[in-house]
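Engineer: Provided below are the primary sequence and the corresponding predicted coordinates.
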Amino acid sequence: MSEIKWLKYALIHISDGFEELRFRKKGSAKIAVVIVLMFFVADIVSDRLCSISFHISQDETFSIIPYITSSIVLFLAWVTGCSAVSTFLDGEGTARNTAIYSAYALVPYIVQKFVNTLLSHIVVSDELIFLQIIQTAGTLWTAILLFCAVKAVHRYTFIRTVISVVMTIAFILIMLFLLILFMSLIQQMWLFVSAVGTEILYRIRG
C-alpha cells in the first residue's frame, strides 16, 4: 500500500486508522510537509479569494506574516506542545510521528477551506448554511482525527488523551502569550531606541 493510500486509510478509518499506521510504521514526512504547506495556502485562499458576499478581508494590504502564524507556526506549536506534554504523561511517540500524524489530520480542514472558497462564488448569500455545514464538518473531522492521532502515536488511554489535548492547548496559549509579550517588549525597545537616536541626531544637527 502506497503512502497516499495509507493517508486515505487514516482519514477514512477514524477509529483505528492511526493505530494501524503506528503498528505498520507508516507515515511520510514529505507528504506531511506538503499538507502543512497546503494548510498555509488554504488560509490565504480562504481569506483573500472568498466571495465578498460571505467574507470581506479586513486588511487592505497583503501581509504574509499573519497567515504563517495561523498555519505553520500554530502547527509547530501544536507538535511542540504535544511532544512536551508527552514527557509528563509517559507518551511513547516521537516528535516526528506526532508531526506526521497531526499533519494527516489537517486534511479535512484544508479541503473544506478550498471547497468553501469555490462554493462562495457559486451559491447565493441565502445558502450560507451549506458553507457553514461544510466548515463545521471539516473542522470537526480534523478535531477528531487529531484526537485519534495523539491517542495512537503515544499509546494513551482515552482519558489520558483528553488530558494530553487539554494540556497541549494550554501549552500553546502560554507560548502565544509569551510570544506576544516578547514582541511587545521588542516593539517598546525599538521605539525607545528610535526616540533616543532621533534626539541624538537632533542635538548633533542643532
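Structural biologist: Thanks, I have it.
Engineer: quick one, what contacts Ala169?
Structural biologist: In this structure residue 169 is Ile, not Ala. Under the criterion of CB atoms under 8 Å, 6 or more residues apart in numbering, the neighbours of Ile169 are Gly81. C-beta coordinates here come from the backbone N, C-alpha and C atoms, glycine included.
Engineer: before we move on, which element is it in?
Structural biologist: helix 158-205 (DSSP states H and E).
Engineer: now that helix: how far from the chain's centre is it?
Structural biologist: Averaged C-alpha coordinates place helix 158-205 at 20 Å from its chain's average position (CA atoms, centre = their mean, to the nearest Å).
Engineer: Contacts made by stretch 144-160 with the rest, please.
Structural biologist: Against stretch 144-160 from outside (CB under 8 Å, 6+ apart): 10-11, 14-15, 17-19, 21-22, 82, 86, 89, 91-94, 97-98, 101-102, 104-105, 108, 161, 164-165, 168.
Engineer: List the ones among those that fall in helices.
Structural biologist: In helices, judged by DSSP state H, the following of these are found: 10-11, 17-19, 21-22, 82, 86, 97-98, 101-102, 104-105, 108, 161, 164-165, 168.
Engineer: which SS class is Phe62?
Structural biologist: Counting by DSSP: H, G, I helix; E, B strand; the rest coil, the backbone at Phe62 sits in coil.
Engineer: ok, now which ones touch it?
Structural biologist: Arg48.
Engineer: could you list every residue that touches Val85?
Structural biologist: Neighbours of Val85 in contact, by CB under 8 Å, 6+ apart: Gly91, Ser164, Met167, Thr168, Phe171.
Engineer: okay, the first one: pLDDT?
Structural biologist: Looking back up the chat, that one is Gly91. You'll see Gly91 listed with a pLDDT of 85.
Engineer: Report the separation between it and Arg160.
Structural biologist: Per CB to CB, to the nearest Å, Gly91 is found 9 Å from Arg160.
Engineer: quick one: which of the contacts of Val85 is nearest to Glu127?
Structural biologist: For the contacts of Val85, the closest approach to Glu127 (CB to CB) belongs to Thr168, at 36.3 Å.
Engineer: just to revisit the earlier point, among the contacts of Val85, find me the one that's closest to Phe182.
Structural biologist: The closest of these, once distances to Phe182 are taken by CB to CB, is Phe171, at 16.2 Å.
Engineer: burial of the closest one, as a residue count?
Structural biologist: Residues contacting Phe171 under the criterion other CB atoms under 10 Å number 18.
Engineer: Let me see the contact set for the nearest residue to it once chain neighbours are set aside.
Structural biologist: Spatial nearest neighbour of Phe171, excluding adjacent residues (CB to CB, 6 or more residues apart in numbering): Gly81 at 3.6 Å. Applying CB under 8 Å, 6+ apart to Gly81 gives the contacts Met167, Thr168, Ile169, Phe171, Ile172, Met175.
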